[in-house]
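1. A predicted structure for the sequence below; I have some questions about it.
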Protein chains: 2
Amino acid sequence: MHDLKWSTGEKKIAQAAFDAAQDRERRSIRLEIEGMLQRAENHRVIWDIHDYLNEKRRELDQKYDYRYSQLIMVFGILLRQGWLSENDLAGLSAEKLEAIRRISSVR
Amino acid sequence: MHDLKWSTGEKKIAQAAFDAAQDRERRSIRLEIEGMLQRAENHRVIWDIHDYLNEKRRELDQKYDYRYSQLIMVFGILLRQGWLSENDLAGLSAEKLEAIRRISSVR
């Protein structure tokens, strides 16, 4: 996967898909925090939120690696986790899409 | 301040004051986070919240030190910052109250 060439058009699609997935994850984290605040009577909930954000920030920092050498792997994981759909990736070469699908189907 | 003796009654008052101040701070942090969420359109607000909680957790961990050798200092700071009122401390010996007030008035 390291030797795949990315055209200018593909780079735009990749960037948009990457950004969209990351924004969906941030939205989901935000909703989770809002739910925690709504449900909690005890103000200690702020430290539960802090622990949760610690974990999520580590996870996202590690996952969202925009190096072209990593991007097929990143997209495969995001597809498997549901943060991306095939629609988001439409326009990438058949070779890339196949590699992404292969990774996304690994269990 | 290290050689002050704490009676059983004073320990109860101290514990209640300490807990009340901490709960007020947690409430204030919670309100701040809720406000940040309400104001923000961009989901990146979650990382602003994370930074804010990092800072507050460090600050509170350092400040809320319930060792009797530290408690006069802790209460002085909390009184100065407004997390405690003199009412919360009523029942402590005159000597302790005076020491606490002295610290609270340091600028």
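-> In hand now; what should we look at? Numbers count the residues shown, from 1 in each chain, chains lettered A, B, ... in the order given.

2. The longest helix anywhere in chain A versus helix B:8-39: what angle between them?
-> Longest helix in chain A by number of residues, with DSSP state H as the criterion: helix A:8-39. Here the directions of helix A:8-39 and helix B:8-39 differ by 140 degrees (axes from the mean of the first three to the mean of the last three Cα atoms, to 10 degrees).

3. quick one: buried residues of helix A:8-39?
-> A:10, A:13-14, A:17-18, A:21-22, A:24-26, A:29-30, A:33, A:37 (16 or more other Cβ atoms under 10 Å in any protein chain shown). All C-beta spots, glycine's among them, are computed from the backbone N, C-alpha and C.

4. Pipe these into TSV and attach distance to chain B per row.
-> Below are those laid out as TSV (distance: Cβ to the nearest Cβ, whole Å):
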residue	distance to chain B
A:E10	26
A:I13	22
A:A14	20
A:A17	17
A:F18	15
A:A21	12
A:Q22	9
A:R24	9
A:E25	9
A:R26	4
A:I29	5
A:R30	5
A:I33	7
A:L37	6
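
5. how about the residues of chain A that lie near chain B?
-> A:23, A:26-27, A:29-30, A:33-34, A:37, A:43-47, A:49-50, A:53-54, A:56-57 (Cβ under 8 Å from any Cβ of the partner chain).

6. is it true that A:I100 touches A:L79?
-> Yes. With contact defined as Cβ atoms under 8 Å, A:I100 reaches A:L79; the gap is 6.1 Å.

7. out of the buried residues of helix A:8-39, who's nearest A:L84?
-> A:A21 (4.9 Å; Cβ to Cβ).

8. Excluding covalently adjacent residues, which one is nearest to that closest one?
-> Closest residue in space to A:A21, ignoring its immediate chain neighbours: A:W83 at 4.1 Å, by Cβ to Cβ, 6 or more residues apart in numbering or on different chains.

9. isn't the one you found right up against A:D23?
-> No. Using Cβ under 8 Å, A:W83 makes no contact with A:D23, being 9.5 Å away.

10. before we move on, back to that, of A:I100 and A:L79, who's got more company?
-> A:I100 (25 against 22; other Cβ atoms under 10 Å in any protein chain shown).

11. in what helix or strand does that one lie?
-> A:I100 belongs to helix A:94-104 when elements are defined using DSSP states H and E.

12. Quick check: buried residues in that helix?
-> In helix A:94-104, counting by 16+ other Cβ under 10 Å, buried: A:K96, A:L97, A:A99, A:I100, A:I103, A:S104.

13. Quick check: closest non-adjacent residue to the second one.
-> Ranked by Cβ to Cβ, 6+ apart and with sequence neighbours excluded, the top spatial neighbour of A:L97 is A:L89, at 6.2 Å.

14. quick one: pLDDT of that neighbour?
-> pLDDT for A:L89: 98.

15. what's A:L92 sitting at in phi/psi?
-> Listed backbone geometry of A:L92 is phi -80, psi 160, with angles given as degrees, to the nearest 10.

16. so it makes contact with A:K12?
-> No. Assessed by Cβ under 8 Å, A:L92 is found out of contact with A:K12, at 10.7 Å.

17. ok, back up a step: is it possible to export the buried residues of helix A:94-104 to TSV including distance to A:R67 and pLDDT?
-> Shown next, in TSV, are the buried residues of helix A:94-104 (distance: Cβ to Cβ, whole Å; pLDDT from 0 to 100):
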residue	distance to A:R67	pLDDT
A:K96	15	97
A:L97	19	97
A:A99	15	96
A:I100	15	97
A:I103	16	96
A:S104	19	96
